[in-house]
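Asker: sequence-free structure coming up:
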């Protein structure tokens, strides 16, 4: 069924009787060409591109709960490609381009809104780093602008310019960045993948990987064994658990990132804003809520909840940056489990086990990467070689010293 | 969270700074033959367990002790807190 | 005698005093400090030397003992020694002479700014500043925690008298935090 | 209009009249009123508009679960959007305005959405607005955004202050209704430290809303007396107006106390609210229960409320929503409302009870087995249509309808650590499950114990259990009626029957969600926005779930439950920030010369939490460059002084101190002589440079180590890690002394001459006696203890001198006075930076966490004769490859040409793109010594490319300039000056 304004009108006039389930609820087949573990954004995107671009139709996504329930269902919805390093920037720019055509590609309105992002800087050192980054973006074909303090003020007059502990000196802007309706991304990919024949199997938990003679033959699940020629793992915060079933230790720790939303407010924020002197970034959703976040809690955890000190830290940053939000009320806080890697950058690679592929280590940047992650993982699964924009995301890069460390924080995941 | 400091009693975790897996105590010998492999493993690979986890916390706003905290990463329940120095000695570290 | 004039941590020539209701906050510059950390294997001897220095038993964890020269627990086998500045400006040297090779001694006099909170109702002020359990604040209690992100020691000298030690460079911010809480609470 | 709906009795102070305004009209009220009760008293039923269809909205409840009755409270910078009228305590002069309507509440143009509601079904926006792609940002989204949102911010800084505080107790009791009060009495009498917190401004909970008795007294009198007893206990702290918002790990509860919201204005320095972190051994949740509505056609009109809210308004606030009221219920509690209202003189149009066996009344008509099937009234209820069991319908004339669908225990806090509530068939509601937060127990209605006596009993028992008490206090007599209800969620056949009133989610939307495959509860929530409104679904979630269960043909527990997240009720962001805002966002650290520098008119810059003098402008200088150039020239020509106190200082002592530093630094320290200083390069274990600094050996077993300003804290922490975790038996002790010493760099050819004027004569600081890299304890100005280090960051003959911080101000003044004859200048961080770039010293821009010693030209310093931190991993193949980046200097071919840090380096010929990137510029400065702009950069094979011409490109700042690659040591490369 094709979605369109005409269709909405037609259905409205006929009592909405014609709307079909957005995806089927198939029983698992005994064997698939590819099984993707994890029905989150990345897994579903992988299924979409595998089926639509690479023509593989005998594909299943197995999800232990409900699809879109991982980090794609609980994030701060920011989409951008303002990266510094050669290993990252082409990948994220590729992703941003896919975002720009996503809705038409999957025929689902994910409300991708190119409202722009501004990363504020407060010191000369930060400015220099942002100039380097902005240049890297432009040299990689992305867009970037540098604003001085007056220009920032003209665009964001409500920021704290006159009573700031760390005065705003300017900002790096990417106009093509923005936000998207996160749940809709999962649903749009799921719908498209389903239409292309992919089996999306919910409430099907992977309990083991069947590996014989170094080759992965399929997955043991709560609904029985399902065979596969190739198995791709895209389970974000649960990477350690699932790959542990294959006996692998990863350069990854699981951490919790909290996010927050305020009550609905009439429009106040024109773009995504990132504070450079505290842990706070914010945008305003189409429903009017201020959606914001900060730093991870900092300790290993699989519990999807955080604690008060970080809540306070984030709100302190928010109030320091934009004191007008003091009387806006924080409505809800939640936590998502992040697969924090050792250099803050992801991994899309084969593994030592034949037929087993890994996609993870997205830290808290996974949402914006969703399209490219899916595309590149599909490419790897289909062709057994990395997509050209994802060649740096090797599992062995820590052994060889080819880290992709945007922050320069080193091998301590909670600092990335 | 509250960490029951072995010397000071219960303290708010916000007084502490987290480092990571307590396996970071087990630093390999840099002069050994296999140092490159051992250090790769030490510095980069983690068990990352969903369950009991021994981990290093530093009492930054307190007595500056490094602690080994045994905490469940699913429930956050803390079952044991030890001075890291004692743990390090017990694991055979000295000078 | 040298001819350099000292400033208080807040930058004044005289200590700052603020009163709100029944509570007074006083800057106390007249104090000398030295940290002492026992050498490895010399913990017992160091403790004996400490007893000699302060004329009192060595303080237990989170306690202080002594009178004119006083020591509070600051870490495992570590103490901070406090004495009147006028008589003990060279406190670290005096301590070193007693501890000898049993402990490492470091002058801390000007690393810290001290503010004394005095009066009825100081708990109403303290509970806005510090997450320590005030039920444990009885005379002789000494603990380190943070106040508005500033690492501080708190010494309970009496039910109506608490000393706060914060890093000297942050004295202004600490003083602001304390006086703001005084206004808020009283 | 003078409080036409006011009844007799109630807990209001009729002797005092308060004035307030709503939407510009003036009304009166009394102390004890909420804004909601006062509006009802004045017969104002229409208060707001719904989110999507802009339907008229009035009050649904009398408590913090209110989804509809939201206003913008106060005005100007104090404007507070989305404020629930039901929780606003009345004060004199209160102003409130309706929101989410234009141009007025009664005539809202977007109410047109309601006419098109059929097109705006759940999730319609996912299916359209996709073509053409560019129209989303330009057309569709702006329209949607303007329509969406509720209240508006003032766009001004919040003028109020907030505090944070910390309290500790044995037992925290959450909610001061019958269970909470009885628990507090039990615990308090036993001597436990108790905190009893309640969100209301009057303690007592439902006891204040009921007419029955407790013991010999009325319910509210019993509550008053219990509160009085508790207030007299020194071990019990009552916190009214305090909402416990979240249950966090290990017995930490967040609570927000509204200390100022009930005041017309705040006294200076007093907080509006306080965020308390309450630490407790045990917590007892006595949060009561929330009545749930029933969904039926047009059940959202102003005047349709929960039955218990009508009862609260009547009994506590002496207000009726209308002179004539009907009740729609599935349980006996609805009848209690009817009888209470009747007793107050309110006309009961009828009680409509879905049950065939409903109890009868002598006072009013009861329609058994009947259902409300529709309602009428444009901006407020005027009629309800009732279907009778015989198939006929009847119209009831009434201005208010009380709806009772049963009660949902307030289990929210039990879920904050992801515990799942369990379904109670008898109650037809979720009750707390097994996985409560550690230390929490639940009593009273929150635990499904619905009678008053049951609440008292369970409160006492739970407190006794939590505190291991042997005996229970005597309990007063109170009603103990069994629950009598028939689960009933919505009227069959209805379409536009609201489940989530704020977000306009109807029964039809829930069914459509199922039809489209959004069948998990989370999908339902996300697809329809059910339960995502500001009440977090307190009045809607369970009903939505029940409908979904029915459509799916499953039981409710099979269908699922949604999890509740903190905060329990929304909290101003300002309350979470407390005092850490504005200039107090972070502590400010001042250097010992700060006040002096301020007097000199210095311009300051933030360096971490420090404020440092950036430059010292003189009267005739109009541009910062003039000041900085002069400071550099004066220093290089004669002598300059710079406050470098901010560098971290760590005292390292012990018999193993040297060996310890040998492990921590990549270069060797074992053989450093006493009285000497050495530059030290510290690596992270991954081989990247972590920090650099100097270590001065003051004695065989005593070093003073410096760190960079930025890394002082992390380096200290790292050294403690190495000491305690890696080498626990080393005899080494660490302590930070950063703040203890005022340390000044005295640099320039005349620096020794200047210092000789203040260093006491017994200390020889001649080049022979005190050569480059010497250090020692000295005295100055007639006996003040000091430390002197002959180290140089500027490349000149230079010293760093340290005195106890209290004398720092005086020493700086003395240096300036004594230096007059040498034309001494103070210099700030800019001149410092210029001079270090001229000397090619790497700082933070170069030590950016991705550079190795090899990158920085210091590869030889990494000794492999010893096992130091980071040495092994620094040798990995990609870090030692031939084409790695190397630190170089660069100069524009035309000296005046601007260069920029962050620019990228490209070959002179060839394309300019990422694939041809050769490196980047880390630092730039104008060098007054060379009369040229200069820079440092990291360039592939840079050390082999000296003399090569390259392009420095910065498309971001529209710059392309040709530069020459040179040695990073621009000035005095042989280091003759610093050894002079």
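Answerer: Structure received. Keep in mind that this is a model prediction, so the values were computed, not measured. Residues are numbered from 1 along each chain as shown, chains lettered A, B, ... in the order given.
Asker: helix, strand, or coil at residue 94?
Answerer: Just going to use chain A. Following DSSP: H, G, I helix; E, B strand; the rest coil, the label given to residue A:94 is helix.
Asker: meant chain C actually
Answerer: Applying three-state DSSP: residue C:94 is helix.
Asker: which residue, other than its chain neighbours, is closest to it?
Answerer: Sequence neighbours aside, residue C:88 is the residue nearest to residue C:94 in space, at 6.5 Å (criterion: Cβ to Cβ, 6 or more residues apart in numbering or on different chains). C-beta here means a position set from N, CA and C on the backbone, and glycine is covered the same way.
Asker: from chain D, how far off is that neighbour?
Answerer: For residue C:88, the distance to chain D equals 13 Å [Cβ to the nearest Cβ, to the nearest Å].
Asker: again, but for residue B:32
Answerer: Residue B:32 is 9 Å from chain D, by Cβ to the nearest Cβ.
Asker: tell me the contacts of that residue?
Answerer: residue B:38 (Cβ atoms under 8 Å, 6 or more residues apart in numbering or on different chains).
Asker: which ones are touching the closest residue to chain D within chain A?
Answerer: At 2.2 Å from chain D, residue A:408 is the closest residue in chain A, using Cβ to the nearest Cβ. Counting by Cβ under 8 Å, 6+ apart, residue A:408 touches D:688, D:848-850.
Asker: dihedrals phi and psi, it?
Answerer: phi 70, psi 30 (degrees, to the nearest 10).
Asker: how much space separates it from residue A:129?
Answerer: Per Cβ to Cβ, to the nearest Å, residue A:408 is found 10 Å from residue A:129.
Asker: ditto for residue C:46
Answerer: 47 Å.
Asker: how about the strands in the stretch 251-400 of chain A?
Answerer: A:252-264, A:272-274, A:281-284, A:289-300, A:329-341, A:347-350, A:356-360 (DSSP state E, counting those that start in this stretch).
Asker: tell me if the fifth one is near chain B.
Answerer: No. If you take Cβ under 8 Å from any Cβ of the partner chain as the test, strand A:329-341 misses chain B, and the best it gets is 8.8 Å.
Asker: quick one, that strand and strand A:356-360 angle?
Answerer: Between the axes of strand A:329-341 and strand A:356-360, defined by axes from the mean of the first three to the mean of the last three Cα atoms, to 10 degrees, the angle is 140 degrees.
Asker: so how far is strand A:329-341 off the chain centroid?
Answerer: 13 Å (Cα atoms, centre = their mean, to the nearest Å).
Asker: direction included, what does it pair against?
Answerer: Here strand A:329-341 is paired, per DSSP bridges, with strand A:252-264 (antiparallel), strand D:571-572 (antiparallel).
Asker: now render those strands as a markdown table, adding mean pLDDT and mean neighbour count.
Answerer: Shown next, in a markdown table, are the strands paired with strand A:329-341 (pLDDT from 0 to 100; neighbours: other Cβ atoms under 10 Å in any protein chain shown):
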| stretch | mean pLDDT | mean neighbour count |
| --- | --- | --- |
| strand A:252-264 | 97 | 26 |
| strand D:571-572 | 98 | 26 |
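Asker: nearest the geometric middle of the chain, what residue?
Answerer: Since you didn't name a chain, this refers to chain A. Centroid-nearest residue in chain A: residue A:367, 1.5 Å away (criterion: Cα atoms, centre = their mean).
Asker: not what I meant, chain B
Answerer: residue B:56 (2.5 Å).
Asker: list the beta-bridge partners for that residue.
Answerer: residue B:20, residue B:68.
Asker: hmm, back to that, which residues do residue A:408 and residue A:129 both contact?
Answerer: In contact with both residue A:408 and residue A:129: residue D:848, using Cβ under 8 Å, 6+ apart.
Asker: more neighbours, residue C:46 and residue A:129?
Answerer: Just comparing residue C:46 and residue A:129: by other Cβ atoms under 10 Å in any protein chain shown the higher neighbour count belongs to residue C:46, 26 against 23.
Asker: quick one: residues contacting the more buried one.
Answerer: Here residue C:46 is in contact with C:36, C:38-39, C:77, C:99, C:102-103 (Cβ under 8 Å, 6+ apart).
Asker: residue D:48 contacts residue D:72, correct?
Answerer: No. Contact criterion Cβ atoms under 8 Å: residue D:48 and residue D:72 do not qualify, at 9.8 Å.
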